[in-house]
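1. no letters, just coordinates:
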């Protein structure tokens, strides 16, 4: 499981992506992203999740503990299904 930080917005996303992507590329099983700590975010968080999914080809991908507003934003952008949000 890979945990997102408490804040992931435009100012933080490009700095956080290399470490998150490196961690995401470790292992070969399902990649589960824990978003339960995420409190401050914008659409950059959605873009970061999509990039993590892209960097884990062939692996099952899901996001747990996402704030309702994040799920709503991903739904608005039409990518919620790609991110496989789980409670």
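-> Structure received. Predicted model only: the values in this text are computed from it and were never measured. Residues are numbered from 1 along each chain as shown.
2. report pLDDT for the spatially most central residue of the chain.
-> The residue lying closest to the centre of the chain (C-alpha atoms, centre = their mean) is residue 49, at 3.0 Å. pLDDT, residue 49: 97.
3. isn't it right up against residue 33?
-> Yes. Between residue 49 and residue 33 there is a contact under C-beta atoms under 8 Å: 6.5 Å. All C-beta spots, glycine's among them, are computed from the backbone N, C-alpha and C.
4. where's the closest residue to the residue nearest to the centre of the chain other than its chain neighbours relative to residue 62, distance?
-> Closest residue in space to residue 49, ignoring its immediate chain neighbours: residue 83 at 5.4 Å, by C-beta to C-beta, 6 or more residues apart in numbering. Separation of residue 83 from residue 62 (C-beta to C-beta, to the nearest Å): 8 Å.
5. neighbour count: these two, which is higher?
-> residue 83 (23 against 14; other C-beta atoms under 10 Å).
6. residue 63 belongs to a strand?
-> Yes. Assessed by DSSP: H, G, I helix; E, B strand; the rest coil, residue 63 belongs to a strand.
7. what is the neighbour count of it?
-> Other residues near residue 63 come to 25 when the count uses other C-beta under 10 Å.
8. kindly report the same for residue 8.
-> Counted with other C-beta under 10 Å, the neighbours of residue 8 add up to 27.
9. which residues sit in contact with the residue lying closest to it once chain neighbours are set aside?
-> Closest residue to residue 8 apart from its sequence neighbours, by C-beta to C-beta, 6+ apart: residue 45 at 4.3 Å. The contact partners of residue 45, by C-beta atoms under 8 Å, 6 or more residues apart in numbering, come to 4, 8-9, 13, 38, 70.
10. three-state assignment of residue 45?
-> Per three-state DSSP, residue 45 ends up helix.
11. residue 35 versus that one, what's the distance?
-> To residue 35, residue 45 is 8 Å away according to C-beta to C-beta.
12. what is in contact with these two at once?
-> Counting by C-beta under 8 Å, 6+ apart, the contacts common to residue 45 and residue 35 are 4, 70.
13. element containing the residue lying farthest from the centre of the chain?
-> Relative to the C-alpha centroid of the chain, counting by C-alpha atoms, centre = their mean, residue 28 is the outermost residue, at 17.4 Å. Using DSSP states H and E, residue 28 maps to neither a helix nor a strand.
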